[in-house]
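Asker: Just need the structure, nothing else, for what follows:
(chains A and B, ligands or ions: 4)
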Amino acid sequence: MADVGRHPRIRLLTLAEVTEVAGHVGNFRVTVRQKARFVNEKECTACGECAKVCPQLVPDEFNLGLSLRHAIYQPFPQAIPAAYVLNPADCLGLNPIACGKCARACDKKCINLEDQDRELKFEVGAIIVATGMEPFDPFDKGDFGYGRYANVITAMEFERLASSGGPTGGELLRLSDRRKPASIAFIQCVGSRCAEQGTPYCSNICCMNTIKDALVLKEHYPDMEVKVFYIDLRAFAKGFEEMLWRSKRLGVKYIRGIPGEVEEDGQTANLRLYVENTETGKIENHEVEMVVLATGVRPAKTTEAIKQLLSLQLHPEGFLLEAHPKLQPVDSPIRGVFYAGGAEGPKDIKDSVTQASAAAGRAARLLAQGTLAAEPYTVAVDPAKCRACGACLKVCSYQAFEWEKGKPAKPIEAVCAGCGTCAAECRFDAIEAHQFTDEQILAQIEAALAEEPESKSLVFACHWCSFAAADTAGVARGQYPARQVLIRTMCSGRVAEEFVLKAFALGAPVVLVSGCHFADCHYLNANRHTQRRVERLWDRLEAWGIRPERLQLEWISAAQGQRFVYTMQELEKLRQTVTPEEIEKTKEILRNPPRVAPRPEPKEPGEQPFRCLRCGKEFKLHYIPGKPQERTCPYCESNSVRLLVLKEAAVSASAK
Amino acid sequence: MSTQVSEPRIGVFVCRCGTNIAATVNVEQVAEFARSLPGVVYAQTGLYVCSEPGQKEIQKAIAEQNLDRVVVAACSPRMHEPTFRACLAQAGMNPFLLEIANIREGCSWVHTSEPERATKKACDLVRMAVAKARYLAPLTERRFPLKDAVLVVGGGVAGIQASLDLADAGHQVYLVERSPSLGGLMAQLHKTYPTMDCAI
Ligand SMILES: Cc1cc2nc3c(=O)[nH]c(=O)nc-3n(C[C@H](O)[C@H](O)[C@H](O)COP(=O)(O)OP(=O)(O)OC[C@H]3O[C@@H](n4cnc5c(N)ncnc54)[C@H](O)[C@@H]3O)c2cc1C
Ligand code: SF4
Ligand code: SF4
Ligand code: SF4
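Answerer: Ligands and ions are numbered 1, 2, ... in the order given. Alright, predicted model coming up:
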């Protein structure tokens, strides 16, 4: 810690928060707001004369309120910066008339009661988010009497009570009578592994922390009775199992079962625990003098704000979502932003440090390039065609547009990931996706259907998943009829409605749009737009009297070669049901298709009827308005699953 | 906007891939078909187009035939697109003036029992690649300046470690911490597993 304070290349800004981040990888423009400290950080020698005269006393947050501090204080003895800090909210009033004692007591005159908050601006090439995690607050879960019974404490309170710098000088004392407990129980998984509380995950650190605490106790007070109540003991990393066994050798008792209830004895303030021992199946009853709740960890409250600032995403559990859970655990989905420590998921110190070094390495690797390379698969906006509608910005997962109301959209080449979704979305044909332009793809469609169009299905496949699945099928020599041609785009989000309609207009009997499963989309969630477009096309086709099932939708991962083969076989069966008359009629309709008003969506979340456009079966699925979900037919596993309600899509009288 | 070059000079190279492609797809027929396509001024087959000699053939044809677009009908672009791009670049062409028709994974390997239809499909795939090639435009990898500095948000043990690593490696670091001191949760710990030493 002290090294950070001294390092010539580290500018440490405490009492500071990032309020704005503009720009993008390589050139983030950062604004930071730093609160007034009221004490000159460089001059203060931490002599403490000021605090001695401060008349105000408030609970000390560092000791979790187990002790008091003054309004001017040092957070803890080894704090960096070491300088004292004045919290204006605790102070009697920041002027010499109200008090001002501290300022007068400081010989070095480092206290400035007129200090102001400051705003700083600087530019960086990369950002590391290390905003950490928070201990679970068991007040939320009244079960174990926390807050009601003096001798029920949390794991962090235990840390402070055991610490020689803590409120009791390192003596573990009961809060009811300041007496050393003769027996102590730890209850594991408090605020973890419980879906109802919204913390279904394992907090990772609390088993080992309890084993550590138990060892500390047994080494310090060999006669103390120490019991641990648990669901499973997770001591999985190097050296951990040995610690568990050492604690057992020292007499720590591990009882498999979480107490249903904790009761306080009004006389002794002792605690009685009722528990079903799941090893013996017996109900047991234990009396102890103190209970420690092995509270888990939660995402820090500040995570949401950071997420917003940097356009990041959250895992359902509330921690920051990584670019890839296995292969890019340190990268955020936003280029140039990396994760370290508990912000990304519950972690102990070693793992936090490891990830921090990895994040530093990733950032250094980026900076070492001197300049930033970007694939040419980016987009260009023709300002003459752009009507500044903002549709492109809305669908871009990366916020890769500079946006000024009323001005043409301006793509940011360095940020664009090249999915092409915006180009498919623009209704004014203003966006060109390099290497996957409209002209290029339309030329491919025309060429594909130039001869005997009725004899083949046209397939759009995304580079990362479904096209790769076709390769996987090939490598495995999976066989399917030679009746389809593939057009590759980087992302299925590139497939514009216009492409599909062009194919039908040229006589394609069947069109398949395919891409990655929702969880695998290589452009965060660009393929949600694919699904939306296909759903919209189904409505339009149906309204025009064209069988919607002639347009199929499938999510096929790179590994699912077999699924690709099966999809091709099913596609061929479908193709054979399309008659030449039907194709002719479709061509006729598409020469002048009437406008179709969008179908109203269900307003409330809930079960809705769906039909599989491959096997034809009907079933119910949960539907959340405005939140696209991957939908799979429970019978044939197709993703060509269509919402059935409100099917009377209105064909408006006004022809296009 | 990319528009079709008025008189493109496209060269098509159909790979036999030993027998991997040629055993199912009639590659000579595909090359013959390619020659009939608008814009194609040259087409040939090769035993292994991706090999050193195969690439030399492409480069030779680029020079002799004055090609401005190259279509390779071979394995998946996920295999050898970088190979052929480098080959074009060496021949002095923009590497993005390349299109690949996947006639192996996407054709010969999956339609072994239908050589005739497979050949037809390979022709379609080549026709599509040639059609796209007509609209290909030269592209360049873009480079942007980088600010050699890093923002680290959060001064717990993770933020501290990341800052020190980066600063020691010579980068400017801004470490932003909400609270009045560094340390985060770890500063509050009495002892820490697995070493059982004090936290700070
Ligand atoms: C009770 C308990 C006991 C533990 N015991 C052990 C142990 O014995 N051994 C072990 O290895 N691990 C232990 N751990 C885990 C250990 O504390 C964590 O692994 C470690 O603290 C994670 O470090 P971090 O830097 O990721 O996060 P934190 O320590 O949470 O630090 C995050 C920092 O970021 C700051 N911050 C947050 N948001 C912002 C923002 N928006 N702007 C600026 N700054 C911000 C916070 O103020 C804080 O200083 C224990 C945890 C608990 C709860
Ligand atoms: S580490 Fe142990 S106590 Fe913590 S949540 Fe996981 S299983 Fe429960
Ligand atoms: S969607 Fe098209 S018209 Fe609308 S702002 Fe974007 S580029 Fe301009
Ligand atoms: S939508 Fe895709 S292609 Fe368009 S700007 Fe965003 S990342 Fe780039």
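Asker: Could you see whether ligand 1 lies near stretch A:163-170?
Answerer: No: using C-beta under 6 Å from any ligand atom, stretch A:163-170 never reaches ligand 1; the gap is at least 11.6 Å. In this view, the C-beta of every residue, glycine as well, is placed from N, C-alpha and C.
Asker: Show me which residues of chain A are close to ligand 3?
Answerer: Residues of chain A lying near ligand 3 (C-beta under 6 Å from any ligand atom): A:381, A:386-392, A:408-409, A:425-426, A:428, A:430-431.
Asker: And those, which two are furthest apart?
Answerer: Largest separation among the residues of chain A next to ligand 3 by C-beta to C-beta: A:408 and A:425, giving 15.2 Å.
Asker: Now do the strands in the stretch 51-200 of chain A.
Answerer: For the stretch 51-200 of chain A, the strands defined by DSSP state E, counting those that start in this stretch cover A:57-59, A:68-70, A:72-73, A:85-86, A:118-124, A:126-129, A:133-135, A:152-154, A:183-190.
Asker: closest one to residue B:193 among these?
Answerer: Using C-beta to C-beta, those put strand A:183-190 closest to residue B:193, at 14.0 Å.
Asker: Can I take it that residue A:298 is in a strand?
Answerer: Yes: the assignment for residue A:298 (DSSP: H, G, I helix; E, B strand; the rest coil) places it in a strand.
Asker: Show me the shaky parts of chain A.
Answerer: Chain A contains residues with pLDDT under 70 at A:140-142, A:646-656.
Asker: residue closest to the middle of it?
Answerer: Geometric centre of chain A, nearest residue: residue A:314, 1.9 Å, by C-alpha atoms, centre = their mean.
Asker: pretty sure that residue contacts residue A:321?
Answerer: Yes: counting by C-beta atoms under 8 Å, residue A:314 does reach residue A:321; the two are 5.8 Å apart.
Asker: Sort out which residues of the longest helix along chain B are buried, please.
Answerer: As assigned by DSSP state H, the longest helix anywhere in chain B is helix B:115-133. Neighbour-count burial for helix B:115-133 flags B:117-133 (criterion: 16 or more other C-beta atoms under 10 Å in any protein chain shown).
Asker: repeat for stretch A:617-630
Answerer: Result for stretch A:617-630 [16+ other C-beta under 10 Å]: buried residues A:623, A:628.
Asker: How about stretch A:192-199?
Answerer: Buried-residue list, stretch A:192-199, by 16+ other C-beta under 10 Å: A:192, A:193, A:199.
Asker: again with stretch A:87-98
Answerer: A:87, A:90, A:91, A:94.
Asker: about what we covered before: quick one: residues contacting the residue nearest to the centre of chain A.
Answerer: A:299, A:303, A:304, A:307, A:320, A:321 (C-beta atoms under 8 Å, 6 or more residues apart in numbering or on different chains).
Asker: Throw the buried residues of stretch A:87-98 into JSON lines and include distance to ligand 4, thanks.
Answerer: Shown next, in JSON lines, are these (distance: C-beta to the nearest ligand atom, whole Å):
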{"residue": "A:87", "distance to ligand 4": "44"}
{"residue": "A:90", "distance to ligand 4": "48"}
{"residue": "A:91", "distance to ligand 4": "49"}
{"residue": "A:94", "distance to ligand 4": "49"}
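Asker: which ones are touching the closest residue to ligand 2 within chain B?
Answerer: Taking C-beta to the nearest ligand atom as the measure, the point where chain B comes nearest ligand 2 is residue B:193, at 11.7 Å. Each residue near residue B:193 by C-beta under 8 Å, 6+ apart is listed here: A:208, A:209, A:211, A:212, A:240, A:243, A:348.
Asker: per-residue pLDDT, the nearest residue to the fourth one once chain neighbours are set aside?
Answerer: This means residue A:212. Spatial nearest neighbour of residue A:212, chain neighbours left out: residue B:193 (4.0 Å); criterion: C-beta to C-beta, 6 or more residues apart in numbering or on different chains. Looking at residue B:193, its pLDDT reads 94.
Asker: So residue B:70 is in contact with residue B:93, correct?
Answerer: Yes: if you go by C-beta under 8 Å, residue B:70 and residue B:93 touch, sitting 7.3 Å apart.
Asker: what about these two, which has more around it?
Answerer: Counted by other C-beta atoms under 10 Å in any protein chain shown, residue B:70 and residue B:93 do not tie: residue B:70 has more neighbours, with 28 against 20.
Asker: which bits of the stretch 101-250 of chain A sit near chain B?
Answerer: Within reach of chain B by C-beta under 8 Å from any C-beta of the partner chain, the stretch 101-250 of chain A has these residues: A:122-133, A:135, A:156, A:158-160, A:162-164, A:166, A:170, A:208-209, A:211-212, A:215-216, A:237-240, A:243.
Asker: So for residue 139, what's the nearest residue that isn't a sequence neighbour?
Answerer: The chain I'm using is chain A. Leaving aside its chain neighbours, residue A:139 sits nearest to residue A:147 (5.4 Å; criterion: C-beta to C-beta, 6+ apart).
Asker: Let me rephrase: I mean chain B.
Answerer: Nearest in space to residue B:139, with sequence neighbours left out and distances taken as C-beta to C-beta, 6+ apart, is residue A:376 at 3.7 Å.
Asker: Check residue A:86 too.
Answerer: Here the residue nearest residue A:86, using C-beta to C-beta, 6+ apart, is residue A:38, at 3.8 Å.
Asker: That neighbour against residue A:83, yeah?
Answerer: No: between residue A:38 and residue A:83 there is no contact, the gap being 10.1 Å when judged by C-beta under 8 Å.
Asker: If you count surrounding residues, which of the two has more?
Answerer: residue A:38 (24 against 20).
Asker: what's the distance between that one and residue A:111?
Answerer: Distance, residue A:38 to residue A:111, by C-beta to C-beta, to the nearest Å: 6 Å.
Asker: what do the two both touch?
Answerer: In contact with both residue A:38 and residue A:111: A:72, A:86, using C-beta under 8 Å, 6+ apart.
Asker: can you tell me which helix or strand residue A:376 belongs to?
Answerer: Under DSSP states H and E, no helix or strand contains residue A:376.
Asker: picking up where we left off before, the residue nearest to residue B:139 against residue B:96, yeah?
Answerer: Yes: counting by C-beta under 8 Å, residue A:376 does reach residue B:96; the two are 6.4 Å apart.
Asker: Between the two, which is the more surrounded one?
Answerer: residue B:96 (19 against 16).
Asker: This completes my enquiry, with thanks.
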